[in-house]
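J.: no letters, just coordinates:
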């Protein structure tokens, strides 16, 4: 759902001569993050069962939501 948005952000922010490098770096980091997340989910599933995999996912989503709520107002992008 967010892949197109993130790719658009990479294309908009990268200089034209480094756009391919930016996409490569973006995909590298995305792949590493997915590998880490999958390994963590598999570890939770094997050691604690399927319910704890979903509890862990819910906890991480809650932390992400909390970080969005308490972030400083100066970090908001300007509109204009």
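T.: Arrived safely, thanks for sending. Quick caveat: nothing in here was measured; it's all calculated off a predicted structure.
J.: same for the worst-scoring helix or strand of the chain on mean pLDDT, what does it pack against?
T.: Ranked by mean pLDDT, DSSP states H and E, the weakest helix or strand in the chain is helix 3-13, scoring a mean of 90. Applying 3 or more CB pairs under 8 Å, 6 or more residues apart in numbering; DSSP states H and E, we find helix 3-13 packed against helix 19-48. C-beta here means a position set from N, CA and C on the backbone, and glycine is covered the same way.
J.: mind giving me the packing neighbours of the helix or strand following the helix it packs on?
T.: Following helix 19-48 in sequence order, the next helix or strand is helix 50-70 (DSSP states H and E). If you count contacts as 3+ CB pairs under 8 Å, 6+ apart, helix 50-70 packs onto helix 19-48.
J.: so which bits of the helix it packs on are buried?
T.: Within helix 19-48, the residues scored as buried using 16 or more other CB atoms under 10 Å are 26, 41, 44.
J.: list the contacts for the residue nearest to the first one when sequence neighbours are not counted?
T.: It stands for residue 26. Spatial nearest neighbour of residue 26, excluding adjacent residues (CB to CB, 6 or more residues apart in numbering): residue 10 at 5.0 Å. With contact taken as CB atoms under 8 Å, 6 or more residues apart in numbering, residue 10 is in contact with 19, 22-23, 26.
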